[in-house]
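Novice: Model the following, please.
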Amino acid sequence: MGYKKDVKKLQEEAGIKTENPVYAKTGSQREDAIPDENRNTSENTPNEESGSTNTSAFTSEERKMSLWQKISLPFVRSSFLSALFFSLVALIWIAMSNTIVSGLMDLHPNILHVIMIKDAIFVIILSLIIYRLFCVQFANSFHLEQEKKDTLKKLKEWEAIQNSMMETVPDMIVYTLDTDLRYSSFNKRHKYSMLRLWKKEIKVGDSILDVVTDTDTRAVIEGNLKHALNGEYLSHVEKYGDNDQTASYWQTFYAPILDAEKKVIGVSCFVNNITALKQAQSKNLFLSYHDPLTKLFNRVYCEDVFQQAEREARCPYSIIVADIKGMHVINENYGRSIGDNLLIKVGEIISKAIKDNGIVARWGSDEFIVLLPDTEKEKAEAFMNICKCQFPGVTVNGIPLRVLTGFATRVDPSVSLQDTVRSAEIHSEQNNYEM
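Specialist: Below you'll find the predicted structure:
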């Protein structure tokens, strides 16, 4: 009931008249259609009169027959009545015709009786043959009618299964189109979404291109559907919202519908909300390339950057290393929480000093690294000195920061960046710079 109230509310806001969607092929009303309480019930039963009950022996189709068809209908329905009726008519005709002939030709009564008996035997035999043929024909008709009923029953069962499949997943939007891009089926979620987005209540037989009013969106949908009608299977992801934290992601799958002869007779579309999956992927991607403590890039990310730089043979390439002195002693004497605060503080200071001029990352347990692509030796040394000037007098929980730094610059592409990092570490140890 909540769904119907929401749809009626959207209809009122959009100024849409509430009309029940009707299947174009079957003429039956959809189960998810919104009932119109103001609709006159007499419209649904045009053949019924107020306060009366239809007790006619004929169906609605049979009432359209002529008088002679109505009279002959019982005989058509029963092979026995048909044969009996034929026999009676034939016998009456034989009696009357032979009597008239006998009167005109003055035949002997015995001869007349013999002729009538002969003709009666012929009629009886012919009636039995006709009765047999009718029985066979009606048996075939009965089996055809039974097969028709069984087929309709299976069709209804399949429609129930299809509706159940389409409505099982509440977050899944499902719809199918024919080759003219007109709806052949859809679930309630798609119907509600189209009403909310485009202010129109869809029904079977409507063209999806007529419902979508935005030109760009319609062009994209039409292009994808045309590819599917050409026998292609495709999918794409759409992002709604500019904020990565609150944006929603929807993945649409397009697939051609094939008949028994592998001929394309339509398109099936499945639209799935993958926002949770994209958020999980983004989180996993962030954790794979970032240090969870300092939120800086990690060693894995730096190694990927090194491989890219090696392929591009980028030179010059400078690297600065910064190592917190006495980190092991601090963890043992003051606890790891104090050590973690030191690491976070050092990362913030280096990031603020470097800004957007390089990549700051946590290289090891107590070591940081700054990647400076296309940076000369003199400029790299200046950046290192900027970082060194930020540390004097800074304390964390009463513990002063003591950091050793060094740098190195690659000017020869044949020298690996890993060797450049080791050179920077050696430079830090040899000079024993304190910040």
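
Novice: In the record's domain split, what are the boundaries for the chain?
Specialist: Using automatic domain parsing, the domain parsing of the chain gives 61-168, 169-274, 290-431.

Novice: and among those, the most buried is which?
Specialist: Ranked by mean neighbour count under mean count of other CB atoms under 10 Å, the domains of the chain are led by domain 290-431, which reaches a mean of 17. C-betas here are computed from N, CA, C, even on glycine.

Novice: and it, how far out from the chain's middle?
Specialist: 48 Å (CA atoms, centre = their mean, to the nearest Å).

Novice: pLDDT of it, averaged?
Specialist: In this model, domain 290-431 has an average pLDDT of 90.

Novice: now swap in stretch 173-181 and tell me
Specialist: In this model, stretch 173-181 has a mean pLDDT of 93.

Novice: Is it correct that E381 is in contact with G406?
Specialist: No. The pair E381 / G406 is not scored as a contact, 10.3 Å apart, by CB atoms under 8 Å.

Novice: Tell me where the model's unsure across the stretch 1-150 of the chain.
Specialist: 1-83, 107, 134-142 (pLDDT under 70).

Novice: Mind listing residues that contact the helix or strand harbouring M384?
Specialist: Per DSSP states H and E, M384 falls inside helix 377-390. Applying CB atoms under 8 Å, 6 or more residues apart in numbering, the external contacts of helix 377-390 come out as 316, 318-320, 322, 349-350, 352-354, 357-358, 370, 372, 375, 403, 405-407, 409, 411, 433, 435.

Novice: If we use 7 Å, what do you get?
Specialist: With CB atoms under 7 Å, 6 or more residues apart in numbering as the test, helix 377-390 has contacts from 318, 320, 322, 349-350, 353-354, 357, 372, 405, 407, 409, 433, 435.

Novice: Stretch 421-432 now?
Specialist: The contact list for stretch 421-432 (CB under 7 Å, 6+ apart) reads 319-321, 323, 369, 404-408.

Novice: Nearest to T294 among these?
Specialist: The shortest approach to T294 among those belongs to I369, at 12.2 Å (CB to CB).

Novice: pretty sure the closest one is in contact with W363, am I right?
Specialist: Yes. With contacts counted by CB atoms under 7 Å, I369 reaches W363, the gap being 4.0 Å.

Novice: counting contacts, what elements does the top helix by length along the chain pack onto?
Specialist: Determined from DSSP state H, the single longest helix within the chain is helix 109-168. Helix 109-168 sits against helix 79-105, with contacts defined as 3 or more CB pairs under 7 Å, 6 or more residues apart in numbering; DSSP states H and E.

Novice: So which residues of the stretch 301-435 of the chain form helices?
Specialist: 327-334, 336-354, 377-390, 417-431 (DSSP state H, counting those that start in this stretch).

Novice: Of all those helices, which one comes closest to Q245?
Specialist: Closest among the helices of the stretch 301-435 of the chain, once you apply CB to CB, is helix 336-354, at 21.7 Å.

Novice: Point out the other helices and strands that the closest one packs with.
Specialist: strand 317-324, helix 327-334, strand 359-362, strand 367-373, helix 377-390, strand 395-396.

Novice: and the ones you listed as CSV, adding distance to I92?
Specialist: CSV is the format used below for the helices and strands packed on helix 336-354 (distance: least, CB to CB, whole Å):
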stretch, distance to I92
strand 317-324, 118
helix 327-334, 122
strand 359-362, 112
strand 367-373, 115
helix 377-390, 124
strand 395-396, 124
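
Novice: between these, which one is nearest to N110?
Specialist: Among those, strand 359-362 sits nearest to N110 (CB to CB), with 129.3 Å.

Novice: What are the neighbouring residues in contact with the residue most central in space within the chain?
Specialist: Nearest to the mean C-alpha position of the chain, by CA atoms, centre = their mean, lies F270 at 1.6 Å. Contacts for F270 were tallied using CB under 7 Å, 6+ apart; they are 172, 174, 253.

Novice: nearest to A90, of those residues?
Specialist: Nearest to A90, judged by CB to CB, of those is V174 at 64.0 Å.
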